[in-house]
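Novice: got a structure for you, letters missing:
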């Protein structure tokens, strides 16, 4: 059986490094923490951490809104909700503190192999909880 292109192998490091580079380098402290914790908890074969905070009107450097794409064999046989729970558990401390919003895409290596594209970030609807929406 030949290994999958995103199997845990010598390619793992370059994939993670390439993902970090594509996402604008290593990112800020919270982005680095998210990357480290997800790597430790889920041993991903592919990981992308996207800081969407600038799109949400926070002050410069605020790290509050993120999207993650995690490809891990840990997700095999698990429903989507359970996959998201694994990601949330790994980031429990961050979700209780500075991390305000997290978009999660959790795939198995087989799913990633058949469709190796991350979905686009959801649009920011603007405003805040304190503002009344008109519509």
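Specialist: Now that the structure is in, tell me what you want to look at. Remember, it's a predicted structure, so these values are computed and weren't measured experimentally. Numbering: from 1, shown residues only.

Novice: alpha carbons only for contacts and neighbour counts from here, please
Specialist: Will do.

Novice: show me where the protein has its helices.
Specialist: All helices of the chain, identified by DSSP state H, fall at 12-22, 29-42, 80-90, 92-96, 109-114.

Novice: shaky segments in the protein?
Specialist: Scanning the chain with the threshold set as pLDDT under 70 gives 1-26, 58, 125-135.

Novice: 80 instead, please
Specialist: 1-26, 55-60, 121-135 (pLDDT under 80).

Novice: dump the helices of the chain to a markdown table, plus distance to residue 73 and mean neighbour count.
Specialist: Shown next, in a markdown table, are these (distance: least, C-alpha to C-alpha, whole Å; neighbours: other C-alpha atoms under 10 Å):
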| stretch | distance to residue 73 | mean neighbour count |
| --- | --- | --- |
| helix 12-22 | 13 | 16 |
| helix 29-42 | 8 | 16 |
| helix 80-90 | 11 | 16 |
| helix 92-96 | 21 | 13 |
| helix 109-114 | 6 | 16 |
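
Novice: name whatever forms a beta bridge with the nearest residue to residue 50 once chain neighbours are set aside.
Specialist: Nearest residue to residue 50 in three dimensions, chain neighbours excluded: residue 67, at 5.0 Å (C-alpha to C-alpha, 6 or more residues apart in numbering). As for beta bridges, residue 67 partners with residue 50, residue 103 under DSSP bridges.

Novice: any idea how far residue 67 lies from residue 105?
Specialist: Relative to residue 105, residue 67 is positioned 8 Å away (C-alpha to C-alpha, to the nearest Å).

Novice: name the nearest residue to the residue nearest the centre of the chain, ignoring sequence neighbours.
Specialist: Centroid-nearest residue in the chain, with C-alpha atoms, centre = their mean: residue 68, separated by 1.1 Å. In space, and not counting its chain neighbours, residue 68 is closest to residue 49: 4.7 Å by C-alpha to C-alpha, 6+ apart.
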